[in-house]
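Novice: please work out how this folds:
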Amino acid sequence: MDRRDLLKALFAAGLAPALAPFARAEALRYEGPIYITVFAEGGWDVTSLCDPKNGQRLNPASGENVWINHWAEAGQSIASTASGLRYAPFADNERLFQTLGSKMMVINGIDTQTNAHNAGVRHTFSGRFADGYPAQTALAAAQHGAGLPLAFLSNGGYRETAGLTQFTLMQDPSTLSDLINPNDPKWVDSHYHRAESLNLIAEARQARLDRLMGQHQITQRLSDAARFMESSRAGRDQLAALNNFLPETLAPATDADGRWHPILRQIQLALVSAAAGLTVSADLVQWGFDTHANHDTSQSIALSQLSDGLIYLWQEAADMDQRFGTNLVSRLRVVVASDFGRTPWYNDGDGKDHWPLGSAILMRDTGFAQHTVGGTSDDVEALSLNADLSLNADPQAAEQSRIIRPAHLQQLLRYWASVETYNATFPLETGSLDLRSLLG
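Specialist: Here you go, the predicted structure:
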């Protein structure tokens, strides 16, 4: 795909620069931390990732002791990084953890308290079960991205904004370009309007807006609509900054085996917008984790593609820093999480069903003082934390009030994103457990 096709693709994603200067407002530029949430959609198996289990446990359905993982049954051993991060010898985990382990903090034993997808997603990414609480990415965009046209980019993860901000839905940019950019149809090498005509149209629109705003008896509704139009045009003008960071080609949408693999393109477009100073936060989505049958094969594909995406995110950010003199790597704040986990046994279809205990992975370039927090028992049951956040390894002595739950994760992420001003409006039930000291 050449540069002209890429521009059309960016129109399709809502990221294309304006064709004419619509606004008088001075362009804004965001240069603070970039908050990325990576959603492993469907419920990942953390016992074959960052909370590895190589033993057996009782399967309540059959009443028999069974292997938690086939790789353990085959005699493979749990591996670890130099910093002590443990990971399963499964999928592409070795490449992921050996490449990026120094940037990671793994939080294991997060009890989502549900086996239902919708409830698990809401609880994990907002901190409560009920509808209405915003995602941390939305809070960051609202707090730090006022006036930015693409403050919060979404690819379909949890994107509740609670009315505090708006998200820009980013989909595969190879479609819809003709609907979004009708002046540049892809089937002919020409335009509907010449540049001079577009300038005249822009001037007429601005004159109409000026006349409307000049009326003495304009209603509040019309006034709000006019201000929104002015703001939208200012945003279009800001989008011209994307021209400075466009890559020559789009990332592939399939993996080496020809399977659908859109997360690389999601990452590329998010980094382009962040480099242009237009984006505070983004959610990325890796599908394929709801593995009720053929678990090992399907989960391995999804985990390998997730590893591809995370490694590509940091490599592409570093490449853009080198090419454009940006500082994306130092600004990235990444969290990876899922609906919940998978059962510590296989079902009759050699799949795994829903299990409420899961994990989250936080990443930043400088890493963290503590690489692993929390955990589960050998039977994959919740373990609590002591007052100093060390692990209470006795499942019989687990204090329910000190088991990590999504509210604790979201409290930590709000602190990380400097959005605690919203705690009064959207309070979290965290009890006596507070993870914020993990960030220093």
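Novice: backbone phi and psi for Arg57, please?
Specialist: The phi/psi pair for Arg57 (degrees, to the nearest 10) reads phi -150, psi 170.
Novice: could you pull out the helices for the stretch 1-150 of the chain?
Specialist: 3-12, 70-73, 93-100, 117-126, 136-144 (DSSP state H, counting those that start in this stretch).
Novice: one more: the stretch 251-400 of the chain?
Specialist: For the stretch 251-400 of the chain, the helices defined by DSSP H, counting those that start in this stretch occupy 263-275, 295-324, 328-331.
Novice: may I have the last one exported as PDB, CA atoms only?
Specialist: When you say that, I think you mean helix 328-331. Presented in PDB, the C-alpha positions along helix 328-331 are these (Å, rounded to 0.1, in the frame of the first residue of the first chain):
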ATOM      1  CA  LEU A 328       7.200   7.600  22.300                       C
ATOM      2  CA  VAL A 329       9.100   4.800  24.100                       C
ATOM      3  CA  SER A 330       9.600   6.800  27.300                       C
ATOM      4  CA  ARG A 331       6.000   8.000  27.200                       C
END
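Novice: on that earlier part again, who wins for proximity to Leu428 among the helices of the stretch 251-400 of the chain?
Specialist: Smallest distance to Leu428 across the helices of the stretch 251-400 of the chain (C-beta to C-beta): 25.7 Å, for helix 328-331. All C-beta atoms are positioned from the backbone trio N, CA, C, and that covers glycine.
Novice: report the rounded mean pLDDT for the closest one.
Specialist: For helix 328-331, mean pLDDT is 98.
Novice: determine how far it lies from the middle of the whole chain.
Specialist: Computed by C-alpha atoms, centre = their mean, to the nearest Å, the chain-centroid distance of helix 328-331 equals 16 Å.
Novice: tell me the helices and strands packed up against it.
Specialist: helix 263-275, helix 295-324 (3 or more C-beta pairs under 8 Å, 6 or more residues apart in numbering; DSSP states H and E).
Novice: mind listing what's buried along the longest one?
Specialist: Okay, so that is helix 295-324. For helix 295-324, the neighbour count (16 or more other C-beta atoms under 10 Å) marks 295-296, 298-310, 312-314, 316-317, 320-321 as buried.
Novice: that helix versus helix 263-275: what angle between them?
Specialist: 30 degrees (axes from the mean of the first three to the mean of the last three C-alpha atoms, to 10 degrees).
Novice: Leu96 is in contact with Ile311, isn't it?
Specialist: Yes - between Leu96 and Ile311 there is a contact under C-beta atoms under 8 Å: 6.7 Å.
Novice: how about Met105, nearest residue that isn't a chain neighbour?
Specialist: Nearest non-adjacent residue to Met105, counting by C-beta to C-beta, 6 or more residues apart in numbering: Phe368, 4.0 Å away.
Novice: same check on Gly109?
Specialist: In space, Gly109 is closest to Gly374, 4.0 Å off (C-beta to C-beta, 6+ apart).
Novice: what's the neighbour count on the nearest residue to Gly55 once chain neighbours are set aside?
Specialist: Spatial nearest neighbour of Gly55, excluding adjacent residues (C-beta to C-beta, 6+ apart): Asp378 at 5.3 Å. Neighbours of Asp378 under the rule other C-beta atoms under 10 Å: 13.
Novice: what of Gly431?
Specialist: So Gly431, with other C-beta under 10 Å, has 14 neighbours.
Novice: skipping adjacent residues, who's closest to it in space?
Specialist: In this structure, Gly431 finds its nearest non-sequential neighbour in Ser401, 4.9 Å apart by C-beta to C-beta, 6+ apart.
Novice: ok, that neighbour - contacts?
Specialist: If you count contacts by C-beta atoms under 8 Å, 6 or more residues apart in numbering, Ser401 has them with 384, 431-433.
Novice: and which of those is nearest Gln56?
Specialist: Nearest to Gln56 out of the contacts of Ser401 is Ser384 (C-beta to C-beta; 23.7 Å).
Novice: I'd guessed that closest one sits against His408; true?
Specialist: No - in this structure Ser384 lies outside contact range of His408 using C-beta under 8 Å: 11.5 Å.
Novice: the two: who's more crowded?
Specialist: Taking other C-beta under 10 Å, Ser384 and His408 do not tie; His408 has more neighbours (25 against 22).
Novice: what is the orientation angle of the strand or helix carrying the more buried one with helix 136-144?
Specialist: According to DSSP states H and E, His408 maps onto helix 406-416. Interaxial angle of helix 406-416 relative to helix 136-144 (the same axes, to 10 degrees): 30 degrees.
Novice: got the angle between helix 406-416 and helix 117-126?
Specialist: The directions of helix 406-416 and helix 117-126 differ by 40 degrees, with the same axes, to 10 degrees as the criterion.
Novice: could you give the mean pLDDT of stretch 146-155?
Specialist: In this model, stretch 146-155 has an average pLDDT of 92.
Novice: CA atoms only: put that stretch into PDB for me.
Specialist: C-alpha atoms of stretch 146-155 as PDB (Å, rounded to 0.1, in the frame of the first residue of the first chain):
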ATOM      1  CA  ALA A 146      -9.200  18.500  26.200                       C
ATOM      2  CA  GLY A 147      -9.300  20.000  22.700                       C
ATOM      3  CA  LEU A 148      -7.600  17.100  21.000                       C
ATOM      4  CA  PRO A 149      -9.500  15.700  18.100                       C
ATOM      5  CA  LEU A 150      -8.300  12.100  18.700                       C
ATOM      6  CA  ALA A 151      -7.700  12.100  22.400                       C
ATOM      7  CA  PHE A 152      -9.100   8.600  22.900                       C
ATOM      8  CA  LEU A 153      -8.800   6.000  20.100                       C
ATOM      9  CA  SER A 154     -10.800   2.800  20.300                       C
ATOM     10  CA  ASN A 155     -10.600  -0.500  18.500                       C
END
